[in-house]
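Asker: missing the sequence, but the structure's below:
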């Protein structure tokens, strides 16, 4: 059920990107935008579509903010991969944008995807919530959300003292939590419904997602001959595993998934796909 | 009248930036955002305030989109100044963000200002037009507007054949025209009025602005001993001056300013400050 829905969402979002990007001038930055928006789990866009479905909204409306949030996520990856940031050559099995083109094209393609995200969430079809969607997206994406988390993460790499648990949670809430929360709340927002159950759900799930990442960094590497510890531990970075221990981190992630599911009680069985989504984020192997 | 109003607008916008940026976390990216939003003519924000005043809207409402468009402009300058783009060390008499901090901070500060721009134009105070303001701003800023113009400008630098007049006008319409047009139309949009007179005004003025830039690149340098031609001519770039000649370019700019003023006939003397603004863009010495 969950995996079918996720696959279906990915297809719908890709098709929407194809249509939108085809309407742009045929220049390298546009091609780079298409490259950067291909592949990926589409978890954020999927959350928008499921949140909308839960509130009785059709996919033809929700596809706009769903594609919009994926454009936002794609821009953040293109900029994060640049040499002055993480300097990554590969992403989703493909060369990164600055490797395939150059740094200027990557920066401009990221900037264009950032603007495109707001273009899509404010599309006429979205209806009366489009201003609220844009405003909350700006809060989630900027220096009160994702960019702040990214800035704190960079600062942590050169800090003398490792971060505390509270500080890591604060960082994570911006870096990955804010867009996930926006996505899960989008349907409620479009329907004019209370966003608090989905907000609680998304906050717990977002944190579980990041803990699972830290666990994978250790258990993934531990099974590989000659690499006893992961790259974060090697880099001396504080992680949920370094602070809670491996078992403690796994336990905390499982508790958070339970909290995430409990927060959806008000929706009954209609929210089962979202509950499966929460279970998925700590079960995944990559 | 015009210069008093422009100075007053600059003060109001700076004060609004101070308030908004003070509400952000006290980290280097926030300081870089403050640095990047200091100084400048504030022409775009001024156009928003004047356009709003022309439609009977008060400055307390219009200050949000006025500050928002200046955040957008500031982000574009921070990214343009980066080494992979124009590689500029100085801006408005101060070191550029990547020189004062580093490239990662400059990229993140630009990204945060980009998001902040949408946060501000969709502020509750702005009223029912905030979704339209955000949507049209996204179109003006992204790969249908400013980013496209920037991408075409970069491509032109390495092209074998100089651009034609039509191509330069198309590039300019994106690179500097789109934000100017958005600014001039903002007040009409907030008031639910017809945007076409201000659109015609802004398109003519935006083009005159760019022609004036090209003229200054030549006449400015011609008066300097030992530098007979400007940097664009040295770089072999097609400019309005290389295509129209110096006198032809000046004449075209003056005609455009006249067209810009004529487009405001419907507003009568209430639009005199905007007419002075159009005259200013070709009279300025920097």
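Answerer: Alright, I've got the coordinates. Only a predicted model underlies this, so the values are computations on that prediction, with no experimental measurement involved.

Asker: residue A:143 and residue A:151, how far apart?
Answerer: 8 Å (C-beta to C-beta, to the nearest Å). No exception for glycine: its C-beta is placed from N, CA and C like everyone else's.

Asker: shared neighbours of these two, anything?
Answerer: Taking C-beta atoms under 8 Å, 6 or more residues apart in numbering or on different chains as the contact rule, residue A:143 and residue A:151 both touch residue B:29.

Asker: the two: who's more crowded?
Answerer: Per other C-beta atoms under 10 Å in any protein chain shown, whichever of residue A:143 and residue A:151 has more neighbours is residue A:143, with 29 against 26.

Asker: can I take it that the more buried one is in a helix?
Answerer: No: with DSSP: H, G, I helix; E, B strand; the rest coil as the criterion, residue A:143 is located in coil rather than a helix.

Asker: skipping adjacent residues, who's closest to it in space?
Answerer: Leaving aside its chain neighbours, residue A:143 sits nearest to residue B:112 (3.9 Å; criterion: C-beta to C-beta, 6 or more residues apart in numbering or on different chains).

Asker: same question for residue A:126.
Answerer: Computed as C-beta to C-beta, 6+ apart, the closest residue to residue A:126 that is not its neighbour in sequence is residue A:64, at 5.2 Å.

Asker: which pLDDT value does the model give the one you found?
Answerer: On the pLDDT scale, residue A:64 is placed at 98.

Asker: list the buried ones in the helix or strand hosting it?
Answerer: For residue A:64, the host element (DSSP states H and E) is helix A:59-80. For helix A:59-80, a neighbour-count test (16 or more other C-beta atoms under 10 Å in any protein chain shown) marks A:61-80 as buried.

Asker: just stretch A:189-207 next, same as before
Answerer: Applying a neighbour-count criterion of 16+ other C-beta under 10 Å, one finds A:189-191, A:193, A:195, A:197-207 buried in stretch A:189-207.

Asker: pick the one among those residues closest to residue A:159.
Answerer: Nearest to residue A:159 out of the buried residues of stretch A:189-207 is residue A:207 (C-beta to C-beta; 21.4 Å).

Asker: that closest one and residue A:172 touch, don't they?
Answerer: Yes: the pair residue A:207 and residue A:172 passes the contact test of C-beta atoms under 8 Å, sitting 6.4 Å apart.

Asker: where's residue A:10, which helix or strand?
Answerer: Assigned by DSSP H and E, residue A:10 belongs to helix A:2-22.

Asker: for that helix, packing partners?
Answerer: Using 3 or more C-beta pairs under 8 Å, 6 or more residues apart in numbering or on different chains; DSSP states H and E as the contact test, the elements touching helix A:2-22 are helix A:28-36, helix A:43-54, helix A:59-80, helix A:272-283.

Asker: got a pLDDT number for residue A:286?
Answerer: Confidence at residue A:286, expressed as pLDDT, is 68.

Asker: what does residue A:283 give?
Answerer: Per-residue confidence at residue A:283 stands at 88 (pLDDT).

Asker: can you report how many residues neighbour it?
Answerer: Applying other C-beta under 10 Å, we find 10 residues neighbouring residue A:283.

Asker: what's near enough to touch it?
Answerer: Residue A:283 makes contact with no residue, according to C-beta under 8 Å, 6+ apart.

Asker: please apply the same query to residue A:204.
Answerer: Per C-beta under 8 Å, 6+ apart, neighbours of residue A:204: A:256-257, A:259-260, A:263, A:278.

Asker: ok, residue A:264 next?
Answerer: Shown in contact with residue A:264 (C-beta under 8 Å, 6+ apart): A:197-198, A:201, A:271, A:274-275.

Asker: one more time with 6 Å
Answerer: The contact partners of residue A:264, by C-beta atoms under 6 Å, 6 or more residues apart in numbering or on different chains, come to A:201, A:271, A:274.

Asker: pLDDT value on it, please?
Answerer: Model confidence at residue A:264 (pLDDT) stands at 98.

Asker: next one: residue A:222
Answerer: With respect to pLDDT, residue A:222 has a value of 48.

Asker: could you point out which element follows the helix or strand of chain A with the lowest mean pLDDT?
Answerer: Here the helix or strand of chain A ranked lowest by mean pLDDT, DSSP states H and E is helix A:231-234, holding a mean of 66. Sequence-wise, the next helix or strand downstream of helix A:231-234 (DSSP H and E) is helix A:240-244.

Asker: buried set for the helix or strand following that next one?
Answerer: For helix A:240-244, the following helix or strand on the C-terminal side (DSSP H and E) is helix A:246-262. Across helix A:246-262, burial judged by 16+ other C-beta under 10 Å covers A:249-250, A:252-253, A:256-257, A:259-261.

Asker: so what's the gap between the longest helix along chain A and the chain middle?
Answerer: Taking DSSP state H as the criterion, chain A has its longest helix at helix A:196-222. Chain-centre distance of helix A:196-222: 11 Å, with C-alpha atoms, centre = their mean, to the nearest Å.

Asker: what's the nearest residue to the residue of the stretch 151-286 of chain A found nearest chain B if we skip its chain neighbours?
Answerer: For the stretch 151-286 of chain A, the residue closest to chain B is residue A:151, as judged by C-beta to the nearest C-beta, at 4.3 Å. Nearest residue to residue A:151, sequence neighbours excluded (C-beta to C-beta, 6+ apart): residue B:29, at 4.3 Å.

Asker: re earlier: the helices and strands packed on helix A:2-22: which one's closest to residue B:284?
Answerer: With C-beta to C-beta as the measure, helix A:28-36 is the member of these nearest residue B:284 (30.7 Å).

Asker: where does pLDDT dip in the stretch 1-150 of chain A?
Answerer: For the stretch 1-150 of chain A, no stretch is flagged by pLDDT under 70.

Asker: close to chain B: what parts of it are there?
Answerer: Residues of the stretch 1-150 of chain A lying near chain B by C-beta under 6 Å from any C-beta of the partner chain: A:24-25, A:27, A:29, A:79, A:84-85, A:103-104, A:107-108, A:111-112, A:114-116, A:118-119, A:122, A:130-131, A:134-135, A:138, A:141-143, A:147-148.

Asker: list buried residues within those.
Answerer: A:24, A:27, A:29, A:79, A:84-85, A:103-104, A:107-108, A:111-112, A:114-116, A:118-119, A:122, A:130-131, A:134-135, A:138, A:141-143, A:147-148.

Asker: out of these, list just those in helices.
Answerer: A:29, A:79, A:103-104, A:107-108, A:111-112, A:114-116, A:118-119, A:130-131, A:134-135, A:138, A:141, A:147-148.

Asker: wait, what's in contact with residue A:29?
Answerer: Contact analysis of residue A:29 by C-beta under 6 Å, 6+ apart lists A:105, A:108-109, B:151.

Asker: okay, the residues you listed in JSON lines with distance to residue A:126 next?
Answerer: Formatted as JSON lines, the contacts of residue A:29 follow (distance: C-beta to C-beta, whole Å):
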{"residue": "A:105", "distance to residue A:126": "30"}
{"residue": "A:108", "distance to residue A:126": "26"}
{"residue": "A:109", "distance to residue A:126": "24"}
{"residue": "B:151", "distance to residue A:126": "28"}
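
Asker: show me the two of these that sit farthest apart.
Answerer: Taking C-beta to C-beta as the measure, the contacts of residue A:29 span a maximum distance of 8.8 Å, between A:109 and B:151.
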